[in-house]
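1. when you get a sec, could you give me coordinates for this:
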Amino acid sequence: MEDLDYLLALARSGDGTARERLLAECRPFIARVTAGFCRRHLEWGFDDELSIAFITFNEAIDRYEEDRKVPFLAFARLMIKSRITDYLRKEARASAHLAGSLNSEQEDLSVSPLESSLAWQDYLAREAAREREEEIRDYAKILAEFEISFSELVRCAPRHQDARRVLLGVSRRLAADDSLFQHLMKTKKLPLKELSLLTGVHRKTLERGRKYIIAMALLWHHCHEFLYLCHYLRASGKGD
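-> Okay, here's the model as predicted:
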């Protein structure tokens, strides 16, 4: 996928071609988020939920505020979930013929946070904080499978920027290579020889940075799940 931030900036500036490309490239993301939230298989052109999600994603391009420190995809995901929730509630009320019997409190609960600016900002802050915490917990569980803790990760992270960039480059190559990554997942060990040949980085350097490389490779490989953590790496300039 072409750099998402670049396409997003162009789309927000009025570039219609960039917007279309961004929407096309993010269709799998939109489908994955929507199907996961609805907990069932969805098909384009058949399920209304996907159409709603697609329209919402397009709207998110214009509504996104970078200074809120929420990654664009996470922001779009929250908007999609909010809109789908609103849609499903309305569908449930209609099918049960309860529209006329709801009290005012229930009506308030059924209104999407997007209906009110203040309600949306509160929803965004609350949900973003919750999602960050979930990401950290889930990432910690994956690291634990490789006997790596967050405290160890902090200790083994290269202090010098150049060294850190080298190891991050190695980790991204590892995450992108299906064969080597599967070897890592199966054996819980770095394929040092193959990785050295692939990247040109000396084997001893790879051995010293083993835990850091593994941790970052896991993060890159699961980037669609760890939107906040990956965004932090990219925003800090460490993942270039």
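2. tell me the first helix or strand C-terminal of whichever strand or helix holds Ser51.
-> With elements taken from DSSP states H and E, the one containing Ser51 is helix 48-63. Secondary structure here is assigned by DSSP H and E; on that basis, the next helix or strand after helix 48-63 toward the C-terminus is helix 72-96.
3. tell me what that next one is packed against?
-> helix 4-12, helix 27-38, helix 48-63, helix 104-110, helix 117-144, helix 227-235 (3 or more CB pairs under 8 Å, 6 or more residues apart in numbering; DSSP states H and E). Heads up, the C-betas are built off the backbone N, CA and C, glycines and all.
4. okay, and for the chain, where does confidence drop off?
-> Applying pLDDT under 70 to the chain flags the ranges 1-2, 93-116, 235-240.
5. ok, now with 80
-> Across the chain, residues meeting the criterion (pLDDT under 80) sit at 1-2, 67-68, 92-120, 233-240.
6. domain ranges for the chain?
-> According to automatic domain parsing, the chain is divided into the following domains: 4-115, 150-235.
7. for Ala92, give its distance to Ile80.
-> From Ala92 across to Ile80, the span is 18 Å (CB to CB, to the nearest Å).
8. now do His202
-> On the measure of CB to CB, His202 and Ile80 end up 45 Å apart.
9. neighbour count winner among the two?
-> Neighbours were counted for His202 and for Ile80 using other CB atoms under 10 Å; Ile80 has more, 25 against 10.
10. now do the contacts for the more buried one.
-> Shown here is Ile80, whose contacts under the criterion CB atoms under 8 Å, 6 or more residues apart in numbering are 30, 33-34, 37, 52-53, 56-57, 60.
11. what's the nearest residue to Thr199 if we skip its chain neighbours?
-> Among residues not flanking Thr199 along the chain, Val170 sits closest, at 5.0 Å (CB to CB, 6 or more residues apart in numbering).
12. tell me which element the one you found falls in.
-> Here Val170 is assigned to helix 161-176, by DSSP H and E.
13. sorry, back to before: you'd agree the residue nearest to Thr199 is up against Leu195?
-> Yes. Taking contact to mean CB atoms under 8 Å, the distance of 6.5 Å between Val170 and Leu195 places them in contact.
14. what's the overlap in contacts for the two?
-> Contact criterion CB under 8 Å, 6+ apart; residues shared by Val170 and Leu195: 201, 206.
15. ok, back up a step: mind saving the C-alpha coords of the helix holding Ser51 as PDB?
-> Extracted C-alpha coordinates of helix 48-63, given in PDB (Å, rounded to 0.1, in the frame of the first residue of the first chain):
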ATOM      1  CA  ASP A  48     -25.800  -2.400   4.300                       C
ATOM      2  CA  GLU A  49     -23.300  -2.400   7.100                       C
ATOM      3  CA  LEU A  50     -20.400  -2.300   4.600                       C
ATOM      4  CA  SER A  51     -22.000   0.500   2.600                       C
ATOM      5  CA  ILE A  52     -22.400   2.500   5.800                       C
ATOM      6  CA  ALA A  53     -18.800   1.800   6.800                       C
ATOM      7  CA  PHE A  54     -17.500   2.900   3.500                       C
ATOM      8  CA  ILE A  55     -19.400   6.200   3.500                       C
ATOM      9  CA  THR A  56     -18.300   6.700   7.100                       C
ATOM     10  CA  PHE A  57     -14.600   6.100   6.200                       C
ATOM     11  CA  ASN A  58     -14.900   8.700   3.400                       C
ATOM     12  CA  GLU A  59     -16.300  11.100   5.900                       C
ATOM     13  CA  ALA A  60     -13.500  10.300   8.400                       C
ATOM     14  CA  ILE A  61     -11.000  11.600   5.900                       C
ATOM     15  CA  ASP A  62     -12.500  15.100   6.200                       C
ATOM     16  CA  ARG A  63     -13.300  14.900  10.000                       C
END
